[in-house]
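Chemist: Predicted model, plus sequence, below.
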Amino acid sequence: PKDNLIAPSILSADFARLGEEVDNVLKSGADIVHFDVMDNHYVPNLTIGPLVCEALRKHGVTAPIDVHLMVKPVDRIIPDFAKAGATYITFHPEASDHIDRSLQLIHDSGCKAGLVFNPATPLSYLEYVMDKVDMVLLMSVNPGFGGQKFIPGTLDKLRQARRLIDESGLDIRLEIDGGVKADNIGAIKAAGADTFVAGSAIFGAAKDSDPHHYDSIVAVM
Ligand code: DX5
Ligand code: ZN
């Protein structure tokens, strides 16, 4: 498997031409499609659901789709996303009443599972479920919006998460989400991340819809 994966967040894509935008970033070398699901309840914004995930699959997207659930409750929507073609489904532990059950439900639905940690959420949520987690996603901004500034304290938390994962000996990806840019991705990688979400940095660089703009930003990352 590839050591470092780039996961463009389609939150910053042009939704009127979503299929084309996703094709272009994947052609430019991106690895995973990061799919931000917001419910105007757990976070103060409203985005996309299983219909859009299914539409991307029907459009011909075969790359992994990394569904980041910022919704509460969590469980009801999991089977719908599995049916819609999700590869990873990650959720915020505070949004689930039964974290172990939600992780199990994701696996039973045939997807890989992950926990997402807000900037102030402790990594201790991992303690008893580490073996049921395929992905640890650290938020380096507060969830809800693209284009925010990377919170520097996340670098220490990344180092802690990297240590926990290495000590466990388990095959768990360590993903970072929020404010990732060409000028901080080196430090983020050095702190232990192996999967990098970037929304505004990637799609914001392609304002004139020229796919070559994606090439340059994805290459720098
Ligand atoms: C924020 C989302 C992020 C967001 C990142 O709640 O989870 O995935 O799209 O956007 P940038 O890279 O612009 O910070
Ligand atoms: Zn996200």
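Modeler: Received, thanks. Quantities reported herein were computed from a predicted structural model and do not represent experimental measurements. Ligands and ions are numbered 1, 2, ... in the order given.
Chemist: Tell me which residue lies nearest the centroid of the chain.
Modeler: residue 34 (4.7 Å; C-alpha atoms, centre = their mean).
Chemist: tell me the mean pLDDT for the host helix or strand of it?
Modeler: Using DSSP states H and E, residue 34 sits in strand 33-38. The average pLDDT for strand 33-38 rounds to 98.
Chemist: now for it, which elements pack on it?
Modeler: On a contact count with 3 or more C-beta pairs under 8 Å, 6 or more residues apart in numbering; DSSP states H and E, strand 33-38 meets strand 5-8, helix 18-27, helix 50-59, strand 65-70. (Each C-beta comes from the backbone N, C-alpha and C, glycine too.)
Chemist: how about the longest helix anywhere in the chain: buried residues?
Modeler: Counting by DSSP state H, the longest helix found in the chain is helix 154-168. Buried positions in helix 154-168, judged by neighbour count with 16 or more other C-beta atoms under 10 Å: 154, 155, 157, 158, 161, 162, 164, 165.
Chemist: close to ligand 1, is it?
Modeler: No: using C-beta under 6 Å from any ligand atom, helix 154-168 stays clear of ligand 1, with a minimum separation of 11.9 Å.
Chemist: average pLDDT for that helix?
Modeler: 98.
Chemist: Identify the residues contacting it?
Modeler: Helix 154-168 is contacted from outside by 117, 119, 123, 126, 130-131, 136, 138-140, 172, 174, 176, 178, 187-188, 191-193, using C-beta atoms under 8 Å, 6 or more residues apart in numbering.
Chemist: what residues does the chain put near ligand 2?
Modeler: Contacts of the chain with ligand 2, taken as C-beta under 5 Å from the ion, map to 36, 68, 177.
Chemist: if we go to 8 Å?
Modeler: With C-beta under 8 Å from the ion as the criterion, the chain meets ligand 2 at residues 9, 11, 34, 36, 68, 70, 116, 137, 139, 143, 177-178, 197, 199.
Chemist: Any stretches of the protein with poor pLDDT?
Modeler: Filtered on pLDDT under 70, the chain yields the residue ranges 1, 206-213.
Chemist: Minimum distance to ligand 2, which residue of it gives it?
Modeler: Nearest residue of the chain to ligand 2, counting by C-beta to the ion: residue 68, 3.8 Å away.
Chemist: Identify the residues contacting that residue.
Modeler: Contacts here follow C-beta under 8 Å, 6+ apart; on that basis residue 68 touches 34, 35, 36, 37, 90, 116, 137, 177, 197.
Chemist: so what's the second one closest to, chain neighbours aside?
Modeler: This points to residue 35. Distances taken as C-beta to C-beta, 6 or more residues apart in numbering put residue 67 closest to residue 35, at 4.8 Å, once the chain neighbours are dropped.
Chemist: how about the nearest residue to residue 44, chain neighbours excluded?
Modeler: Nearest non-adjacent residue to residue 44, counting by C-beta to C-beta, 6+ apart: residue 144, 5.5 Å away.
Chemist: same check, this time on residue 112
Modeler: Excluding its sequence neighbours, the residue lying closest to residue 112 (C-beta to C-beta, 6+ apart) is residue 134, at 3.9 Å.
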